[in-house]
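Visitor: fold the following for me, if possible:
(4 chains)
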Number of protein chains: 4
Amino acid sequence: MPGNSFGRVFSITTYGESHGRAIGVIIDGVPTGLAITEQDIQGELDRRRPGQSEVTTPRKERDRVEILSGLLDGKATGTPLSLLVWNENWDSSAYEPIRHLYRPGHADYTYQVKYGLRDWRGSGRASGRETVARVAAGAVAKKALQASGIRIRGYTLEIAGIQAEEIDLAAVEENVVRSPDREKTPIMIGRIEEARHSGDSVGGIVEVIVSGCPPGLGDPVFDRLDALLAHAVMSIGAVKSFEVGCGVQASRMRGSEYNDPFYMEDGRVRTETNNAGGILGGISTGEDIILRAAVRPSASISKAQKTISVEGRKETIRVSGRHDPCIVPRIVPVVESMVAVTILDCLLVQKMYLSFH
Amino acid sequence: MPGNSFGRVFSITTYGESHGRAIGVIIDGVPTGLAITEQDIQGELDRRRPGQSEVTTPRKERDRVEILSGLLDGKATGTPLSLLVWNENWDSSAYEPIRHLYRPGHADYTYQVKYGLRDWRGSGRASGRETVARVAAGAVAKKALQASGIRIRGYTLEIAGIQAEEIDLAAVEENVVRSPDREKTPIMIGRIEEARHSGDSVGGIVEVIVSGCPPGLGDPVFDRLDALLAHAVMSIGAVKSFEVGCGVQASRMRGSEYNDPFYMEDGRVRTETNNAGGILGGISTGEDIILRAAVRPSASISKAQKTISVEGRKETIRVSGRHDPCIVPRIVPVVESMVAVTILDCLLVQKMYLSFH
Amino acid sequence: MPGNSFGRVFSITTYGESHGRAIGVIIDGVPTGLAITEQDIQGELDRRRPGQSEVTTPRKERDRVEILSGLLDGKATGTPLSLLVWNENWDSSAYEPIRHLYRPGHADYTYQVKYGLRDWRGSGRASGRETVARVAAGAVAKKALQASGIRIRGYTLEIAGIQAEEIDLAAVEENVVRSPDREKTPIMIGRIEEARHSGDSVGGIVEVIVSGCPPGLGDPVFDRLDALLAHAVMSIGAVKSFEVGCGVQASRMRGSEYNDPFYMEDGRVRTETNNAGGILGGISTGEDIILRAAVRPSASISKAQKTISVEGRKETIRVSGRHDPCIVPRIVPVVESMVAVTILDCLLVQKMYLSFH
Amino acid sequence: MPGNSFGRVFSITTYGESHGRAIGVIIDGVPTGLAITEQDIQGELDRRRPGQSEVTTPRKERDRVEILSGLLDGKATGTPLSLLVWNENWDSSAYEPIRHLYRPGHADYTYQVKYGLRDWRGSGRASGRETVARVAAGAVAKKALQASGIRIRGYTLEIAGIQAEEIDLAAVEENVVRSPDREKTPIMIGRIEEARHSGDSVGGIVEVIVSGCPPGLGDPVFDRLDALLAHAVMSIGAVKSFEVGCGVQASRMRGSEYNDPFYMEDGRVRTETNNAGGILGGISTGEDIILRAAVRPSASISKAQKTISVEGRKETIRVSGRHDPCIVPRIVPVVESMVAVTILDCLLVQKMYLSFH
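Guide: As a prediction, the model looks like this:
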């Protein structure tokens, strides 16, 4: 209950601080017989890893995953999978000079007040490094979903207000910002470079599409699929909003525009439009599930900021170090992972319901 | 686990269909000693009730709450509170002619595919009537929060694209749309009337402010306060997006603009701005918590719509009956209730942490 | 989490005090399509009801169950089932004279210290009357289990040290103590009568056999089937021990005696003996599951007892009223019910695992 | 939900197979500020370790624990504690010859049928080696309980029918069987030696006393303290029964004998006897909590046993290797650990209730 577990059947429990010995996750409820390799997981971790490109932090972390339990001959046995990534070469000395200051936009003050003490070394558990465990778990969930024909694909819809207009999924992994619009990509990169040069940061919007999802996923009334997805995605540190389908725009439409008409196609119930984003009454319809998460600009900036010390004195702070001027491209696999974990969890629950029909 | 419970310590379990015998909620974890009366709850139910005004459905439902357990001499004993509202005068005959059709925008198809059967009478469990139980539970949560100096206030920020510019909380309960902007109120009402006359519906945006909330609420990493609030609010049927603080706009700001500078005021840590909406690292800061939910236009409209029958035949449907042309004003207390339940739940968890300091 | 819910998938939440308005249960996770009538449930409630015979309390309570939600045309829709039993003709005046005394063997003191206040009227939530809700839920679970060929049968193995030697299931419901041994029945009844005449009470042992249970139920390591059953059965007020299979006797056997040898019968894996009680490694084997619960003598006796008042004064108490001199026969359906809820819950979880094979 | 987590607030999640790379546990809900060292945990692991004495398996496993997260300067930060023990020098070759046989008394068959595959190497997850993680978690719980003045002490009450008559806690850790009765110790050891020489095994009974426990722990109705303890203790592989207080004997007493009279001592409510074992109505009374667990004889014996192969052929099996002829002395710290985790969990929940008084 204290917050480090997520999922009901496919259930993940994570641990680790940015400057601790390791980051890891225990995954319970892995479908038995699922083939999993360290390479499957490593591929996803590499998409999240710092130092991938000029627009991310230049810090080098190898983030090699090790599987400690749960497999026999490469297949899941139904027992918990333990995945571990050692933290390497971390050095807390850069944090020493500012350990008595509350960094604006960071969780320093709130952790202090909640827990009565706080790990000042690299943000501790509040660091984005915590998402290593989410991406590792997400890789396992994706593998299981693939076996059911379900794909989760994310991309950068917007950076610093520059929005992708063309959605070409083939383009996404070819550019450093994970933009699906080849024309807008250099503009997005430009905005990040501008922010970096002025010691500042920018945010953006991540969009994720779930395709191949069967109808029937989600558990009304409180565990509606959209509610679970919102929980999953809003639990990522930098995310400030969550939308499904038309999202906010739905509130400005008329019912006659918004309602998606049903029709039959090849014996399957479909909708002509997909304003609902693949979810009706909290249950998947079988259409693509489409969701968006707005990511705030990174909190760590080298520009001078006003703040206070732990003792309450006025201070000016500059957060030096090699921080991401824009975290959006690296958050894409994190959002995908949380979506994958949620969808798989709902799929497993739904298998029970199907057994009654 | 099958979805009808919410909350970890202050935990609610609801039941009931729109055309069943009753709607109710069991509340576990009510703070002992809390004074609760049926009047406390009735006041909130009356805010949600249909037939309040010309802009809602003219259906008359008295929605009288009864407390069946959990009190001694009007005070909570620590045992579960059972709240029940009988359904009165319902008549399913209006649904007979369309029981074999999947209504667009409704959960008819998805319930059918999930459960293998569906209650066609007035949407069954997928009806907005289910929120009676949420509002009853929310009334109890609000009463407990008041005792800790925490207030939850919601209003209609936007209807059909018309946005309130002035936020005057005193105005909210004085007008039928719960608008905080007296000037915009008649325009909002006009948009609803227009929609009604054309057999259509409109949506809008609800905003909620939590004031007096202590710092320290929320449980990283997965049960961050914003994640739990997102889960709570997105579990309401018609809600399609959730934002906290600046929300989507945060993604278009620079870090230097977005980060809220800390300062001291009367011995208390404050922030000069509140772009974060009162939450940092998933934990409350003590500033007002501000959140928004976009509500889609009501699904039930009398305009003709294309759809299919349960057997897959093309059909045209007109959903007659006395439906809300705009559900936003009646959803305000529902959003408040889910926020109240979540905040109280986090407050109870936080009491444990405080006992360690 | 505060303790009034049980079960993971087939999940029950109960409420109600002995002298409150009603006792009830919300059941989530009922298999869709299951046919349920109030008669199905009433039959089980009648087995638990007071006033059945001369060996139980002469109090008359009709305990009529009402189904408030979750059915369409008599079949479960997958939404929560709400079952309610009104409390009738209760009169708290008999408790007035002793409301300031802590009754020995009762929960008066512990409720007071836990919650800071306590419902003194007929033991409140700590009353055995709370088990009405368990039996109602158990009736639904039994109905679902029957559809899978699983039967739960309980009986009185022992009363006041008199043990049944012959286990004739046909005899159980023919006598007032639910003894499976026709010869021992009058002796058992005699012991209860003796206790009653001296203003005292006696206890006994309930045994339950689950037959037709498929192999594969139970979820190691913490949710082993025997652990879940122990949790379920030990949560019944008067139960002081739980055993599965040979139970305590197993600890006095040699491994070569205790281990049940495997063999094949009609293509099915069987064991020659069943010392393990149908569970190996926390997972059902397919053999009968056999368990026992020891029930202490009823706490309410009219004999004088030493105690203290709420203020700490020495006092003598006589608990007058129409109490059961032996609760064992009426606890039989309660133990069965908790076993049924647990087995069904595990069966539903196991349906997911089977979907992977 | 799939079974590898236990506890509501102090919540443990374990992983690892006997012949996998590591065994570990993630502990969430550790009280912040608690000082914890690897030595604290190692001391308890050493009490569980094989090779301690002539009556246990001669296998040598160092079982060195490493703390991977959750501490700052040796104090718990409120974030999850990750404890890891590497498996060393394991060799699965001894299991090769019997990998196609179902060992009687083992979980081979049930794991196969549940999961559709099974880790045949040293029993996999069904191995007693899994309890390494429990003992590591228990050590942390004990440390936290000590700070509240609560002690958990276990011992061997009985081995092969030889029961300790004197309970001298000082004697327990001085002898290899953890017997509290110096006179009975050599007899107990003799019974184990006899069993070993005949290629057989024996069982026994573990008793645990919780002293210093405040009143108020436990959450009726389903999470009564005795129910949670039963769940915790029965989840240990070899345990076949659970008793609290007088246990089975309570069922043979009269109410007037059994009920513990209340009295006042130094301003504190006490009971003259403690037949209830420190729990009334599922809530702790403040008296010592006393419980017992019966342990079956070890399943692995070298005597020939009848069984079948995976394909259903009749076979004879001899489980060679260095197995414990009696697991009871090594289970003592495991039972203590599960009790410690449960008591701490209830203590944390109770802190919330106390905040309302």
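Visitor: could I get the phi/psi values of the residue nearest to A:Arg125 when sequence neighbours are not counted?
Guide: Nearest residue to A:Arg125 in three dimensions, chain neighbours excluded: D:Thr79, at 4.1 Å (Cβ to Cβ, 6 or more residues apart in numbering or on different chains). For the C-beta atoms, the positions are set from N, CA and C on the backbone; glycine is no exception. Dihedral pair for D:Thr79: phi -90, psi 160, per degrees, to the nearest 10.
Visitor: could you do A:Pro325 as well?
Guide: According to degrees, to the nearest 10, A:Pro325 has phi -70, psi -20.
Visitor: mind checking pLDDT for it?
Guide: pLDDT for A:Pro325: 95.
Visitor: what do you get for A:Ser320?
Guide: According to the prediction, A:Ser320 has pLDDT 79.
Visitor: again with A:Leu348
Guide: Looking at A:Leu348, the pLDDT reads 96.
Visitor: what residues does it make contact with?
Guide: Neighbour list for A:Leu348: A:9-10, A:29, A:31, C:352 [criterion: Cβ atoms under 8 Å, 6 or more residues apart in numbering or on different chains].
Visitor: confirm A:Met264 sits in a strand?
Guide: Yes: according to DSSP: H, G, I helix; E, B strand; the rest coil, A:Met264 belongs to a strand.
Visitor: that one: how many residues sit nearby?
Guide: The number of residues packed near A:Met264 is 14, by other Cβ atoms under 10 Å in any protein chain shown.
Visitor: show me where pLDDT drops low in chain A?
Guide: By pLDDT under 70, chain A has no low-scoring segment.
Visitor: what secondary structure does A:Cys213 sit in?
Guide: Classification of A:Cys213 using three-state DSSP returns coil.
Visitor: quick one, what contacts it?
Guide: Contacts of A:Cys213 (Cβ under 8 Å, 6+ apart): A:150, A:278, A:284, A:286, A:288-289, A:343.
Visitor: mind naming the longest helix for chain A?
Guide: helix A:328-354 (DSSP state H).
Visitor: any idea of the angle that helix forms with helix C:328-354?
Guide: In terms of direction (axes from the mean of the first three to the mean of the last three Cα atoms, to 10 degrees), helix A:328-354 departs from helix C:328-354 by 130 degrees.
Visitor: which strand residues bridge A:Phe211?
Guide: For residue A:211 the amino acid is Ser, not Phe. A:Arg151 (DSSP bridges).
Visitor: how much space between it and A:Glu174?
Guide: Noted for A:Ser211: a distance of 20 Å to A:Glu174, by Cβ to Cβ, to the nearest Å.
Visitor: neighbour-wise, which of those two wins?
Guide: Taking other Cβ under 10 Å, A:Ser211 and A:Glu174 do not tie; A:Ser211 has more neighbours (15 against 12).
Visitor: surely the more buried one touches A:Ser148?
Guide: No: applying Cβ atoms under 8 Å as the test, A:Ser211 and A:Ser148 come out as separate, 11.8 Å apart.
Visitor: tell me which parts of the stretch 51-200 of chain A are close to chain B?
Guide: By Cβ under 8 Å from any Cβ of the partner chain, the residues of the stretch 51-200 of chain A that approach chain B are A:102, A:104-107, A:109-111, A:113-116, A:125-126, A:130, A:158, A:160-161, A:195, A:200.
Visitor: can you tell me which of those residues are in helices?
Guide: Among these, the residues falling in helices (DSSP H) are A:109-111, A:113-115, A:195.
Visitor: out of the residues you listed, who's nearest chain D?
Guide: Taking Cβ to the nearest Cβ as the measure, chain D lies nearest A:Tyr115 of these, at 3.8 Å.
Visitor: which residues does the closest one contact?
Guide: A:Tyr115 makes contact with B:353, D:32, D:77-78 under the criterion Cβ under 8 Å, 6+ apart.
Visitor: relative to D:Gly33, how far out is it?
Guide: 8 Å.
Visitor: for the stretch 51-200 of chain A, just list every one of the helices.
Guide: All helices of the stretch 51-200 of chain A, identified by DSSP state H, counting those that start in this stretch, fall at A:108-115, A:131-147, A:185-197.
Visitor: show me what the second one is packed up against.
Guide: Helices and strands touching helix A:131-147, by 3 or more Cβ pairs under 8 Å, 6 or more residues apart in numbering or on different chains; DSSP states H and E, are strand A:11-15, strand A:22-28, helix A:38-48, strand A:81-86, strand A:151-159, helix A:328-354.
Visitor: now do 10 Å
Guide: Helices and strands touching helix A:131-147, as assessed by 3 or more Cβ pairs under 10 Å, 6 or more residues apart in numbering or on different chains; DSSP states H and E, comprise strand A:11-15, strand A:22-28, helix A:38-48, strand A:65-69, strand A:75-76, strand A:81-86, strand A:151-159, helix A:328-354.
Visitor: burial count for A:Asp119?
Guide: Applying other Cβ under 10 Å, we find 27 residues neighbouring A:Asp119.
Visitor: thought it was touching D:Gly78?
Guide: Yes: the criterion here is Cβ atoms under 10 Å, and A:Asp119 meets it with D:Gly78 at 9.4 Å.
Visitor: could you measure from A:Arg270 over to B:Thr307?
Guide: Using Cβ to Cβ, A:Arg270 is found at 12 Å from B:Thr307.
Visitor: so what sits against both of the two?
Guide: Taking Cβ atoms under 10 Å, 6 or more residues apart in numbering or on different chains as the contact rule, A:Arg270 and B:Thr307 both touch A:260-263.
Visitor: select only the buried ones of those in ChimeraX?
Guide: Command for ChimeraX that selects the buried part of the shared contacts of A:Arg270 and B:Thr307, burial taken from 16 or more other Cβ atoms under 10 Å in any protein chain shown:
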select /A:260,261,262
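Visitor: ok so, going back, in CSV: the contacts of A:Tyr115, plus neighbour count and distance to chain C.
Guide: Output for these, formatted as CSV (neighbours: other Cβ atoms under 10 Å in any protein chain shown; distance: Cβ to the nearest Cβ, whole Å):
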residue, neighbour count, distance to chain C
B:Tyr353, 22, 16
D:Thr32, 20, 20
D:Thr77, 25, 23
D:Gly78, 29, 19
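Visitor: coming back round to it: mutual contacts of A:Tyr115 and D:Gly33, please.
Guide: With Cβ under 10 Å, 6+ apart as the test, A:Tyr115 and D:Gly33 both reach B:356-357, D:76-78.
Visitor: buried ones in stretch A:46-53?
Guide: Buried, per 16+ other Cβ under 10 Å, within stretch A:46-53: A:47-50.
Visitor: repeat that for stretch A:199-211.
Guide: A:199-210.
Visitor: ok, these vs chain C, which is closest?
Guide: A:Val210 (20.3 Å).
Visitor: re the thing from before, who touches both of A:Asp119 and D:Gly78?
Guide: Common neighbours of A:Asp119 and D:Gly78 are listed as A:111, A:125, D:70, D:72 (criterion: Cβ under 10 Å, 6+ apart).
Visitor: ok, which pair from those residues is furthest apart?
Guide: Maximum pairwise distance in the shared contacts of A:Asp119 and D:Gly78, criterion Cβ to Cβ, is 13.5 Å, between A:Tyr111 and D:Gly70.
Visitor: find residues that contact each of those two.
Guide: A:119, A:125, D:77-79.
Visitor: check those residues and tell me the two furthest apart.
Guide: Maximum distance among those (Cβ to Cβ): 9.4 Å, for A:Asp119 and D:Gly78.
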